[in-house]
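**Student:** With the input below, show me the fold.
(one chain, ligands or ions: 2)
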Amino acid sequence: MKSWSRPWVPRLAGAGLPPRIFDTSSQGLAGTTTTGVATLYVCGITPYDATHLGHAATYLAFDTLIRAWLDAGYTVNYVQNSTDVDDPLLERATERGLDWRELAASQTELFRGDMRALSIIPPDDYVAVTAVIPEVAAAVDALVRLGLAYEVPSTDSIDGEPDLYFDITAAAEAGPWHLGLESNLDRPTMLRLSAARGGDPERPGKHDALDPLLWRAARTGEPAWHTVLGLGRPGWHIECSVIAVNRLGSSITVQGGGSDLLFPHHEFSAAHASALTGEPFARIYSHTGMVAFEGEKMSKSLGNLVLVSQLTHAGADPRAIRLALLAHHYRTDWEWTADSLASGAARLESWRAWASTPGVSGVLGDPSASGNGDLVTALRTAVAEDLDTPAAIAAVDAAVLTGATATTADIDAVHSLLGIDLRA
Ligand code: 5CA
Ligand code: ZN
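**Tutor:** Numbering: from 1, shown residues only. Ligands and ions are numbered 1, 2, ... in the order given. Alright, predicted model coming up:
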């Protein structure tokens, strides 16, 4: 599927440190790669009601990771999906009297525009689930052959075809995945989250209440595809496993997404991928914190949204939105307020004034003026240490406060590592 245009990322002199980020599985900081190649899979949107600031914050965190990798001289291969067929999208389309394909196409286009406006580095491969149904069906078929999937009878499917479920007990015995590998949660919490986030622990006929759906046989009025498994559509977690494994291979560097996806989605995406390859899914499992609004997690289902497009249409500078988001560490939960954008805009104003002050020679961004100490090193160190953008911002604020002239290298580093072009 079409991605969006790539922002210009200046190359800085020398090289940044290879970044370390927090790994949810081992609960500690981990070096991201030693090979000079980094592979990244980030869960994309379900395209209805795009793009709220929670989405933007999550994609901005992985954009920062990519910027740190590029600065360290790594080759990056980045894949993202679009869940363009799933229950919540179908329900929203029905509510609004829209064709689900039209709703997905229009919201995906809005998302692309918002990502472009925010200068977020696009995936190298942006993959719609509807474009890879045969691939996913073949993978589910392989899991059946491996003895890791089983049929659950259905009463409402067309022709009484069964649905297919993943056998977590058999998969854990086969290894290398085991339940809790990624999420470290206890079983009661898993059962609660499964029920709340698209699972069906109460469904009769499953071997384990937590076993996730791999393949849903066709129902009247629902989209379905003819495949090796018959007529139906994929479950949620398997789409991400297959899209990632078939494009990036096993043991990818980082699997990323919001903390709301930790269980069951990421745990079981990792389980399916490991079952298919016999290898761990990822070396690092990375999760962003949740952005709240009006006291609750910003979410499409609750409707407490602030959309990027609302702010930009009202005249907000996308760089101010970026600075408002980067002011929070990507792993913390925080709340968007009326002040958030205002403080991002004020900071942008002061940084731009700093960047446009001529240096001693009268040249903008005079490279001979080095009054800011080593701001480039400070920025590199901050982003390489678990993407500490608040520390990076504080370093620029400190430089601005001293009144010392911004050098070309300083301005380029702000542009390259934080994605804020102060020359525009
Ligand atoms: N399509 C699936 C993933 S395969 C999905 O979760 N889509 S989504 O549209 O609901 O979310 C897209 C991304 O934004 C996910 O990584 C999710 O974790 C993240 N996200 C959603 N809400 C928030 C929020 N309030 N704060 C931070 N990140 C969020
Ligand atoms: Zn996903």
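**Student:** Show the backbone phi and psi for residue 86.
**Tutor:** phi -170, psi 160 (degrees, to the nearest 10).
**Student:** What is the neighbour count of it?
**Tutor:** As a burial measure, residue 86 scores 20 neighbours (other C-beta atoms under 10 Å). The C-beta positions use only the backbone N, C-alpha and C, and glycine is treated the same way.
**Student:** do the same with the one 5 residues further on
**Tutor:** Neighbourhood size, residue 91 [other C-beta under 10 Å]: 13.
**Student:** I'd assumed it was in a helix, is it?
**Tutor:** Yes: per DSSP: H, G, I helix; E, B strand; the rest coil, residue 91 lies within a helix segment.
**Student:** Return the distance of it relative to residue 375.
**Tutor:** For residue 91, the distance to residue 375 equals 49 Å [C-beta to C-beta, to the nearest Å].
**Student:** Is stretch 168-184 positioned near ligand 2?
**Tutor:** No: using C-beta under 5 Å from the ion, stretch 168-184 never reaches ligand 2; the gap is at least 12.7 Å.
**Student:** CA atoms of that stretch as PDB?
**Tutor:** Taking C-alpha atoms only, stretch 168-184 is exported to PDB below (Å, rounded to 0.1, in the frame of the first residue of the first chain):
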ATOM      1  CA  ILE A 168      -1.200 -21.800  23.500                       C
ATOM      2  CA  THR A 169      -0.300 -24.900  25.500                       C
ATOM      3  CA  ALA A 170       1.000 -26.800  22.500                       C
ATOM      4  CA  ALA A 171       2.800 -23.700  21.200                       C
ATOM      5  CA  ALA A 172       4.500 -23.200  24.600                       C
ATOM      6  CA  GLU A 173       5.600 -26.900  24.600                       C
ATOM      7  CA  ALA A 174       7.100 -26.400  21.100                       C
ATOM      8  CA  GLY A 175       8.900 -23.200  22.200                       C
ATOM      9  CA  PRO A 176      10.700 -20.800  22.100                       C
ATOM     10  CA  TRP A 177       7.700 -18.700  23.100                       C
ATOM     11  CA  HIS A 178       5.900 -19.300  26.500                       C
ATOM     12  CA  LEU A 179       2.800 -17.500  27.900                       C
ATOM     13  CA  GLY A 180       3.900 -14.300  29.600                       C
ATOM     14  CA  LEU A 181       7.300 -14.100  27.700                       C
ATOM     15  CA  GLU A 182       6.500 -10.700  26.500                       C
ATOM     16  CA  SER A 183       3.900  -9.400  29.000                       C
ATOM     17  CA  ASN A 184       5.000 -10.900  32.300                       C
END
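**Student:** Please enumerate residues in contact with that stretch?
**Tutor:** For stretch 168-184, the external contacting residues (C-beta atoms under 8 Å, 6 or more residues apart in numbering) are 24-25, 27, 146-148, 190, 207-208, 210-212, 262-263, 266-268, 270-271, 274-275, 278-281, 285.
**Student:** Pull out the buried residues from these.
**Tutor:** 24-25, 148, 190, 210-212, 262-263, 266-268, 270-271, 274-275, 280-281, 285 (16 or more other C-beta atoms under 10 Å).
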